[in-house]
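Asks: sharing a model prediction with you, sequence too.
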Amino acid sequence: MRMIRLAAAIALATVFVTPAAAQISVFPANGEPMQMPPPGRQMKTGTGRIKGRLVAADTGNPVRRGQVRLSGPDVMPKSVTTDNEGRFEFKDLPAGAFTINASKSGYVAVNFGQKRPFEPGRPIELVEGQSVDNADITLPKGSVIAGRIMDEFGEPVADTQVSAMRSTWSNGKRRLQPSGRTATTNDLGQYRIYGLPPGDYYVSATMRGDRAQEMMVTEMAANVGVRTVSAVAAGVPEGPTAGYAPTYFPGTPNGNEAQKLTLAVGQEAQNTDFGLFPVRLVRVRGSVVSSEGRPVEGVMVSAAPRSANESNPLLFGGASNARTDTNGNFTLTGVAPGDYTLNARTTQIFTTAGDGGNMTFTMMRSEVVGGAAGGGQESGSIPLTVSGDDMSNVMIVTTKGATATGRVVYEGGSKPTTTNPIRISAASTDQDSAMTLVSGSSSVTPEGTFEIKGLAGPRIFRVSNIPSGWVLKAVKVNGTDITDNGIDIKSADAISGVEVILSSKVTEVKGSVKAGNDPALDYTVVIFSDEPEKWRAPTSRHIATGRPNQQGQFQVKNLPAGSYYAIALEYIPQGEWNDPEILERLKTKATSFSVTEGEVKTLDLKLDVM
């Protein structure tokens, strides 16, 4: 993967370019990602426009210099700043559906049409030449969590990362995940997390890696009476050292004992003080050996915390990592007790070059495990349980992984002509790993074939850049349907005969909702399969949602043919519709229907509550 960093005189933006025909992500100066179209995608312009205002929810005053962003399927992402009256405008828009997001420091970021916390926004649909002049957005004041982080002696701890976390359904399990806001403690141990939507939060504190290592070295030197930061030069013993586990308010490493904070709009939860939980940190020594039995040099080894079981659904801190030496040996330091997945994989190395002007290019390349002698990219992982003692002789044997080859099959129409290459990915479906695993992927050749290398473990095949008017129907391996369950790859043997079937018979479910006898204009429609086993897949095609347009109509496309439930809810937070327990409750009040390939189904629903 390549990364290009563009430094202009006024603003900074970072552009990540993935391999051929993949999507591009742009990170503006405010750090929030926007998606750019893949190479070859033809962008459209038109004569439509969208205008509106940002106003503060508590005062009704204009929000000046707020950031407003627009995105749509056939336009480059656009960003504007509101004027002195809080006004914004987007011009030259083609026909289509657009989403708008607004933000300003100290306020909650809100999507157009969003009235409740963590609710999806509503699309603005334009016909050619249409002007929408009332796309107004109200920004509520953000809530705040503030306090101090201390050590076991009551002394302040600086440079600690503090996160506000929410319980969400993700990748097949309920987990606590960061809300997107973090803070770092100052020299007084103080932190302040601002701009939070109202809701329930848990607070976690994690010692940043560089600070944790500095404290360990200092303490080690002090233990042998040497006043220096160079513990190695001082001959410090390499036994367990003191450190801190990721800690949750009010001061526990146990997720079951974490205390929930409930915030109202604009509320400040002051004095949320707690101490870090001290633990013994250990070293993990081992080696990495390639599939050919050779030591592997220069490979990044990381210990990624594994997600906890159902009784403790919290994710713990970041991975500890190290690079192997010329003999394939590695040493992980500062590892807290717990359960991990020890990964050895290719790494990404940055090199920088400049042209002497305002442009700086930072290129990122992938190392090959084992180098030229290793025979190609390899990776490996093993489970690791760390107690209070140092560990040694841990061995990771890497494999080249399997190569999957196949072709794309078109049903119901001629092969589409497009300048936007289709891309096939094989993402990991390991629900127990806290670390997101990178998926293997490949562009489809003009002949309709593809090849994906380095695959191992449970994988599910998906398609991106699907031509308009086509939908994924099925993925088969030698005639066996693996579309939703995926395939568990246990060896490096080749997987041939993969068929990715695209169909031109696109389904569509549309309709309206009534609240009593009156049309409802603000709701979320949740559609889900009547087969509960399809709810539990990490990435289910059989669950979809829709929000109303300006006329109060909803539309959901590309559902697989089958039988479903549909329900219109006044409010459901983003992503909660993936929780099987919630769907089990909703199905008793939902409307049953079925849809066949290519069918357009119209539903008239009644507004309900969870």
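Replies: Yep, that arrived.

Asks: in terms of helices and strands, where is G334?
Replies: Assigned by DSSP states H and E, G334 belongs to strand 329-335.

Asks: tell me the first helix or strand C-terminal of that strand.
Replies: The C-terminal neighbour of strand 329-335 among helices and strands, as given by DSSP H and E, is strand 338-345.

Asks: helix, strand, or coil at I424?
Replies: strand (DSSP: H, G, I helix; E, B strand; the rest coil).

Asks: show me what it bridges to in the sheet.
Replies: S442, V463 (DSSP bridges).

Asks: that one - how many residues pack around it?
Replies: As a burial measure, I424 scores 26 neighbours (other C-beta atoms under 10 Å). C-beta: built from backbone N, CA, C; applies to glycine.

Asks: give me the pLDDT for the residue nearest to E599 when sequence neighbours are not counted.
Replies: Distances taken as C-beta to C-beta, 6 or more residues apart in numbering place T507 nearest to E599, at 5.9 Å, with adjacent residues excluded. Residue-level confidence at T507 comes out at 97, pLDDT.

Asks: surely A304 is in contact with Y340?
Replies: Yes - with contact defined as C-beta atoms under 8 Å, A304 reaches Y340; the gap is 6.1 Å.

Asks: can you pull the contacts of the residue nearest to E599?
Replies: For T507, the contacting residues are 471, 557-561, 595-601, by C-beta atoms under 8 Å, 6 or more residues apart in numbering.

Asks: for L139, which non-adjacent residue is closest in space?
Replies: Y107 (4.1 Å).

Asks: for R175, see how far away the one you found is.
Replies: Using C-beta to C-beta, to the nearest Å, Y107 is found at 27 Å from R175.

Asks: can you pull up the bridge partners for V289?
Replies: If you apply DSSP bridges, the partners that V289 bridges to are P295, V397.

Asks: can you get me a residue count around the residue nearest to N186 when sequence neighbours are not counted?
Replies: Using C-beta to C-beta, 6+ apart and skipping residues adjacent in sequence, the residue nearest N186 is A158, 6.2 Å away. Using other C-beta under 10 Å, A158 has 14 other residues around it.

Asks: quick one: A158 from D273, how far?
Replies: Note on A158: its distance to D273, by C-beta to C-beta, is 15 Å.

Asks: and for A492?
Replies: 52 Å.

Asks: let me know the pLDDT of A29.
Replies: 35.

Asks: same question, K514
Replies: 96.

Asks: that one against A520, yeah?
Replies: Yes - with contacts defined as C-beta under 8 Å, K514 counts as touching A520 at a distance of 6.0 Å.

Asks: overlap in contacts of these two?
Replies: L607.

Asks: so for these two, which residue has more residues nearby?
Replies: Each of K514 and A520 has its neighbours counted (other C-beta under 10 Å); A520 has more, 18 against 15.

Asks: wait, what's in contact with the more buried one?
Replies: Contacts of A520 (C-beta under 8 Å, 6+ apart): 512-514, 548, 552, 568, 607.

Asks: what do you get for E576?
Replies: 168-169, 582.

Asks: thinking again about what came up before, comparing A304 and Y340, which residue is more hemmed in?
Replies: Remark: of A304 and Y340, Y340 carries more neighbours, 26 against 21, as counted by other C-beta under 10 Å.

Asks: can you name the residues bridging to that one?
Replies: The partner residues for Y340, given DSSP bridges, come to P305, L384.

Asks: that one against V386, yeah?
Replies: Yes - counting by C-beta under 8 Å, Y340 touches V386, with 6.5 Å between them.

Asks: overlap in contacts, those two.
Replies: Shared contacts of Y340 and V386, counting by C-beta under 8 Å, 6+ apart, come down to A303.

Asks: what about the stretch 151-300 of the chain, any weak spots by pLDDT?
Replies: 208-241 (pLDDT under 70).
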